[in-house]
Structure formats: C-alpha cells, structure tokens
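Q: dropping the sequence and predicted coords here.
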Amino acid sequence: MTDAAPGGLPHVTTVGVPKPVRPKLTLSRPVALREDSVGFRDDSDQLRDAAQARQDLKPIAGQIVRGHHKVSLVGTTATAGTEQGRRTLSLQRAQAVKGLLVSLGVPAAHVSTRGVGTHYPAHVKDLDASGNLIPQAAVQNRAVFLTVLS
C-alpha cells in the first residue's frame with residue numbers, strides 16, 4: 001500500500017506467514033494442518049484459501065483412501081473468546097477439514113472430529129502478560145491435527 005495510513009489508528013506489527021509446506025500423512029504421529037496448508041480466517045471456520053487447502057489435502061486424502069485408513073481430526077483455536085466458544089469453533093474447523101477430505105473421496109465414516117479449543121499438548125502460549133493476544137503465537141494455535149487411527 002502506498003497511501004498514508006488514516007489517522008487515529010493504533011500501530012500494528014506485521015505478522016509473517018510461513019512458507020507453504022504440504023502436509024504429509026504419517027502413521028506414527030499427528031499431522032498439524034496449520035496456516036501453511038489449511039489456514040482459517042480469524043475467529044472463523046472459513047478457510048483462507050479453499051482451493052489451496054484442497055490441493056494440499058489431495059495427497060493425504062489419496063493416502064487415506066488407498067490405505068483404507070480411519071483418521072481423527074482434532075480442531076484447535078487461539079486463546080480468544082469463551083471456553084465454550086473456543087470448543088465450538090475448534091470442532092467447526094475439524095468438520096471443515098472433514099468436509100474437504102470427504103469431497104476428495106475419503107469415506108465420511110472413516111473420519112471422526114473433535115474440538116478441544118486450547119486444550120492440547122502443542123498449544124503455544126498466545127497471551128501476553130496483560131492478557132492480549134499475540135498474533136504470531138495465535139496463528140500457530142489455529143490448527144487441525146490429523147491422526148491415523150488404523
């Protein structure tokens with residue numbers, strides 16, 4: 001942008017977006033689907049780029065179908081809003097990824113979904129000492145974890 005910023009607005013910092021890395025299905029540990037593959041809009045289950053997410057999930061969907069795998073999707077969120085709101089949003093995110101996988105040929109019965117909000121081992125502390133959301137950390141918590149069950 002080349003225009004001067006409008007007056008009266010607070011100063012904000014730039015948040016870097018990681019380079020895209022296609023997720024790979026592993027049988028030994030969960031696959032984190034984050035901003036670089038399946039990015040969600042803030043406070044939403046809407047994908048930032050549905051076409052890119054579809055392209056990134058296509059190889060994983062193929063592996064699930066070929067291997068007749070059953071998988072679990074666990075949605076997570078940043079530490080914003082209420083506990084119930086975070087759990088609901090995280091479930092909606094997992095269901096959005098399930099919808100993509102099903103559209104790519106994965107049988108719906110082979111995919112379970114769960115939303116845990118901020119209650120998962122890889123949660124990154126995303127609040128500062130004053131309780132304000134840290135954007136760089138929050139983006140890491142907007143994820144869906146895919147685990148092969150069988």
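A: Happy to help now that I have it.

Q: name the element residue 88 belongs to?
A: helix 83-103 (DSSP states H and E).

Q: for whatever helix or strand comes next after that helix, what is the distance to the chain centroid?
A: Next in sequence after helix 83-103, counting helices and strands by DSSP H and E, comes strand 111-115. When C-alpha coordinates are averaged (CA atoms, centre = their mean, to the nearest Å), strand 111-115 and its chain have centres 13 Å apart.

Q: now strand 111-115 against helix 83-103, angle please.
A: For strand 111-115 against helix 83-103, the angle by axes from the mean of the first three to the mean of the last three CA atoms, to 10 degrees is 160 degrees.

Q: buried sites along strand 111-115?
A: Within strand 111-115, the residues scored as buried using 16 or more other CB atoms under 10 Å are 111, 113, 115. In short, each C-beta sits where N, CA and C put it, glycine included.

Q: list the contacts for the residue nearest to the second one when sequence neighbours are not counted?
A: Put plainly, it is residue 113. Counting by CB to CB, 6 or more residues apart in numbering, residue 94 is the residue found nearest to residue 113 once chain neighbours are left out, at 4.0 Å. By CB atoms under 8 Å, 6 or more residues apart in numbering, the contact list for residue 94 reads 73, 74, 75, 113, 114, 115, 144.

Q: closest to residue 126 out of the residues you listed?
A: Using CB to CB, residue 75 comes nearest to residue 126 of the contacts of residue 94, at 15.8 Å.

Q: okay, and the beta partners of that closest one?
A: Beta-bridge pairing of residue 75 under DSSP bridges involves residue 115, residue 144.

Q: how many other residues sit next to it?
A: 30 (other CB atoms under 10 Å).

Q: how about residue 72?
A: Residue 72: 15 surrounding residues under other CB under 10 Å.
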